[in-house]
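Trainee: Provided below for reference: sequence and predicted model.
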Amino acid sequence: MAAKPAARRPPALKPVLVLNGPNLNMLGKRQPEIYGRETLADIEDACRVEAQRLALAVDFAQSNHEGVLVDRIQQAREANSAIVINAGAYTHTSVALLDALNAAELPVVEVHLSNIYKREAFRHRSYISPAAVGVIAGLGSHGYLLALQAISRLLVR
Ligand code: CA2
(Lines give C-alpha, C1' and ligand atoms only; values in the text may rest on other atoms or scores of the structure.)
Protein backbone atom coordinates (compact mmCIF):
# COMPACT_ATOMS: atom_id res chain seq x y z
CA MET A 1 0.00 0.00 0.00
CA ALA A 2 1.28 3.47 -0.86
CA ALA A 3 2.51 5.51 2.06
CA LYS A 4 0.25 8.33 3.19
CA PRO A 5 1.60 11.73 2.17
CA ALA A 6 2.81 13.72 5.17
CA ALA A 7 0.18 16.18 6.42
CA ARG A 8 1.12 19.66 5.21
CA ARG A 9 1.14 22.23 7.98
CA PRO A 10 1.90 25.87 7.18
CA PRO A 11 5.18 26.99 8.75
CA ALA A 12 4.70 28.79 12.08
CA LEU A 13 4.47 32.54 11.65
CA LYS A 14 6.66 34.84 13.68
CA PRO A 15 4.70 36.77 16.33
CA VAL A 16 2.98 40.04 15.52
CA LEU A 17 4.59 42.92 17.41
CA VAL A 18 2.02 45.13 19.19
CA LEU A 19 4.02 48.22 20.11
CA ASN A 20 2.83 51.08 22.33
CA GLY A 21 4.40 54.48 22.78
CA PRO A 22 4.66 57.10 25.51
CA ASN A 23 2.15 57.38 28.35
CA LEU A 24 0.06 54.42 27.20
CA ASN A 25 1.24 52.69 30.41
CA MET A 26 -1.01 55.25 32.17
CA LEU A 27 -4.19 53.93 30.54
CA GLY A 28 -7.01 53.37 33.04
CA LYS A 29 -5.15 55.38 35.66
CA ARG A 30 -5.69 58.97 34.36
CA GLN A 31 -8.04 60.75 31.89
CA PRO A 32 -10.64 57.94 31.60
CA GLU A 33 -12.96 60.44 29.85
CA ILE A 34 -10.62 60.41 26.82
CA TYR A 35 -9.01 56.98 26.90
CA GLY A 36 -11.47 54.82 28.87
CA ARG A 37 -11.04 52.71 31.98
CA GLU A 38 -9.17 49.79 30.47
CA THR A 39 -5.51 49.41 31.39
CA LEU A 40 -2.75 48.50 28.94
CA ALA A 41 -2.63 45.08 30.65
CA ASP A 42 -6.35 44.64 29.79
CA ILE A 43 -5.58 45.50 26.16
CA GLU A 44 -2.67 43.05 26.14
CA ASP A 45 -4.95 40.28 27.48
CA ALA A 46 -7.59 41.03 24.82
CA CYS A 47 -4.92 41.01 22.08
CA ARG A 48 -3.64 37.62 23.25
CA VAL A 49 -7.16 36.14 23.20
CA GLU A 50 -7.86 37.54 19.72
CA ALA A 51 -4.43 36.44 18.43
CA GLN A 52 -5.08 32.90 19.63
CA ARG A 53 -8.44 32.88 17.84
CA LEU A 54 -6.59 33.96 14.67
CA ALA A 55 -3.78 31.41 15.21
CA LEU A 56 -1.27 34.21 15.65
CA ALA A 57 1.27 34.85 18.38
CA VAL A 58 1.84 38.30 19.84
CA ASP A 59 4.82 40.19 21.29
CA PHE A 60 3.37 43.06 23.33
CA ALA A 61 5.58 45.99 24.34
CA GLN A 62 5.45 49.60 25.56
CA SER A 63 8.08 52.30 25.99
CA ASN A 64 8.10 55.99 26.85
CA HIS A 65 11.39 56.42 24.95
CA GLU A 66 11.64 57.10 21.23
CA GLY A 67 15.01 55.35 20.84
CA VAL A 68 13.76 52.22 22.61
CA LEU A 69 10.80 52.11 20.21
CA VAL A 70 13.18 52.49 17.24
CA ASP A 71 15.36 49.65 18.62
CA ARG A 72 12.30 47.38 19.00
CA ILE A 73 11.12 48.15 15.44
CA GLN A 74 14.62 47.34 14.13
CA GLN A 75 14.50 43.96 15.92
CA ALA A 76 11.06 43.28 14.43
CA ARG A 77 12.55 42.93 10.93
CA GLU A 78 13.99 39.57 12.05
CA ALA A 79 11.78 38.64 15.01
CA ASN A 80 8.23 39.52 13.88
CA SER A 81 5.91 39.03 10.94
CA ALA A 82 4.02 42.33 11.23
CA ILE A 83 3.63 45.39 13.45
CA VAL A 84 0.59 46.93 15.13
CA ILE A 85 1.63 50.31 16.52
CA ASN A 86 0.08 52.97 18.70
CA ALA A 87 2.97 55.42 18.78
CA GLY A 88 1.15 57.78 21.18
CA ALA A 89 2.33 61.39 20.89
CA TYR A 90 5.35 60.33 18.77
CA THR A 91 2.78 59.74 16.03
CA HIS A 92 2.71 63.50 15.51
CA THR A 93 6.45 64.21 15.74
CA SER A 94 8.67 61.27 14.90
CA VAL A 95 10.53 60.98 11.60
CA ALA A 96 12.73 58.41 13.41
CA LEU A 97 9.77 56.06 13.91
CA LEU A 98 8.67 56.57 10.29
CA ASP A 99 12.18 55.69 9.04
CA ALA A 100 12.36 52.62 11.32
CA LEU A 101 8.94 51.36 10.20
CA ASN A 102 9.84 51.81 6.54
CA ALA A 103 13.16 50.00 7.05
CA ALA A 104 11.42 47.07 8.80
CA GLU A 105 9.69 46.13 5.50
CA LEU A 106 6.81 44.47 7.36
CA PRO A 107 3.06 45.06 7.20
CA VAL A 108 2.22 47.84 9.66
CA VAL A 109 -1.20 48.81 11.03
CA GLU A 110 -1.40 52.10 12.98
CA VAL A 111 -3.89 52.23 15.84
CA HIS A 112 -5.25 55.08 17.97
CA LEU A 113 -7.72 54.69 20.81
CA SER A 114 -9.17 58.16 20.24
CA ASN A 115 -10.35 59.73 17.00
CA ILE A 116 -7.32 61.95 16.43
CA TYR A 117 -9.25 63.91 13.74
CA LYS A 118 -11.84 65.05 16.32
CA ARG A 119 -9.14 66.45 18.60
CA GLU A 120 -6.57 69.29 18.49
CA ALA A 121 -5.18 70.18 15.04
CA PHE A 122 -1.67 69.01 15.98
CA ARG A 123 -3.05 65.45 16.35
CA HIS A 124 -4.47 65.42 12.79
CA ARG A 125 -1.03 64.84 11.30
CA SER A 126 0.56 61.39 11.61
CA TYR A 127 4.23 61.14 10.60
CA ILE A 128 4.06 57.34 10.61
CA SER A 129 0.96 56.74 8.46
CA PRO A 130 2.99 56.64 5.21
CA ALA A 131 4.59 53.42 6.53
CA ALA A 132 1.23 51.83 7.39
CA VAL A 133 -1.03 49.62 5.30
CA GLY A 134 -3.96 51.07 7.23
CA VAL A 135 -4.95 53.26 10.16
CA ILE A 136 -7.64 52.59 12.81
CA ALA A 137 -8.66 55.48 15.07
CA GLY A 138 -11.47 56.26 17.48
CA LEU A 139 -12.69 52.74 18.27
CA GLY A 140 -10.95 52.43 21.62
CA SER A 141 -9.22 49.18 22.48
CA HIS A 142 -11.32 47.33 19.89
CA GLY A 143 -9.04 48.99 17.31
CA TYR A 144 -6.17 46.73 18.40
CA LEU A 145 -8.29 43.62 17.75
CA LEU A 146 -9.38 44.93 14.35
CA ALA A 147 -5.72 45.58 13.55
CA LEU A 148 -4.84 41.95 14.39
CA GLN A 149 -7.70 40.76 12.16
CA ALA A 150 -6.36 42.91 9.31
CA ILE A 151 -2.83 41.55 9.84
CA SER A 152 -4.18 38.00 9.82
CA ARG A 153 -5.70 38.62 6.37
CA LEU A 154 -2.55 40.30 5.11
CA LEU A 155 -0.32 37.39 6.16
CA VAL A 156 -1.76 34.90 3.72
CA ARG A 157 -0.57 31.44 4.64
O1 CA2 B 1 -5.63 57.98 20.75
C2 CA2 B 1 -4.52 57.45 20.87
O3 CA2 B 1 -4.36 56.23 20.98
C4 CA2 B 1 -3.26 58.34 20.94
O5 CA2 B 1 -2.21 57.68 20.25
C6 CA2 B 1 -2.93 58.46 22.41
C7 CA2 B 1 -1.77 59.43 22.69
C8 CA2 B 1 -2.00 60.77 22.00
O9 CA2 B 1 -0.87 61.60 22.18
C10 CA2 B 1 -2.28 60.60 20.52
O11 CA2 B 1 -2.54 61.87 19.96
C12 CA2 B 1 -3.47 59.70 20.30
C13 CA2 B 1 -1.65 59.68 24.19
C14 CA2 B 1 -1.55 58.46 25.03
C15 CA2 B 1 -1.57 58.93 26.45
O16 CA2 B 1 -2.38 58.07 27.18
C17 CA2 B 1 -2.70 58.45 28.46
C18 CA2 B 1 -3.55 57.60 29.12
C19 CA2 B 1 -3.94 57.90 30.39
C20 CA2 B 1 -3.46 59.04 31.03
C21 CA2 B 1 -2.60 59.88 30.36
C22 CA2 B 1 -2.20 59.57 29.06
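Mentor: Yep, it's here. Treat the numbers as computed from the prediction; the structure is a model and nothing was measured. Numbering: from 1, shown residues only.
Trainee: around the ligand, which positions in the chain sit nearby?
Mentor: 23-24, 26-27, 30-31, 35, 86, 88-89, 91, 112-114, 116, 123 (CB under 6 Å from any ligand atom). The C-beta positions use only the backbone N, C-alpha and C, and glycine is treated the same way.
Trainee: let's see which of these end up in helices.
Mentor: Tyr35 (DSSP state H).
Trainee: among the residues of the chain next to the ligand, name the buried ones.
Mentor: 24, 27, 35, 86, 88, 91, 112-114, 116, 123 (16 or more other CB atoms under 10 Å).
Trainee: of those, which is the nearest to Leu154?
Mentor: Asn86 (18.0 Å; CB to CB).
Trainee: so the closest one touches Leu113, yeah?
Mentor: Yes: judged on CB atoms under 8 Å, Asn86 makes contact with Leu113 at a distance of 7.1 Å.
Trainee: which residues touch the nearest residue to Ala87 once chain neighbours are set aside?
Mentor: Leaving aside its chain neighbours, Ala87 sits nearest to Gly21 (4.3 Å; criterion: CB to CB, 6 or more residues apart in numbering). Going by CB atoms under 8 Å, 6 or more residues apart in numbering, Gly21 touches 62-64, 69, 85-91.
Trainee: SS state for the residue nearest to the spatial centre of the chain?
Mentor: The centre of the chain sits closest to Val84, judged by CA atoms, centre = their mean, with a distance of 1.6 Å. Classification of Val84 using DSSP: H, G, I helix; E, B strand; the rest coil returns strand.
Trainee: need the contacts of Gly21 in JSON lines with distance to Ala100 and pLDDT, can you?
Mentor: Putting the contacts of Gly21 into JSON lines (distance: CB to CB, whole Å; pLDDT from 0 to 100) gives the following:
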{"residue": "Gln62", "distance to Ala100": "16", "pLDDT": "99"}
{"residue": "Ser63", "distance to Ala100": "13", "pLDDT": "99"}
{"residue": "Asn64", "distance to Ala100": "16", "pLDDT": "98"}
{"residue": "Leu69", "distance to Ala100": "8", "pLDDT": "99"}
{"residue": "Ile85", "distance to Ala100": "10", "pLDDT": "99"}
{"residue": "Asn86", "distance to Ala100": "15", "pLDDT": "98"}
{"residue": "Ala87", "distance to Ala100": "10", "pLDDT": "99"}
{"residue": "Gly88", "distance to Ala100": "15", "pLDDT": "98"}
{"residue": "Ala89", "distance to Ala100": "16", "pLDDT": "98"}
{"residue": "Tyr90", "distance to Ala100": "11", "pLDDT": "99"}
{"residue": "Thr91", "distance to Ala100": "13", "pLDDT": "99"}
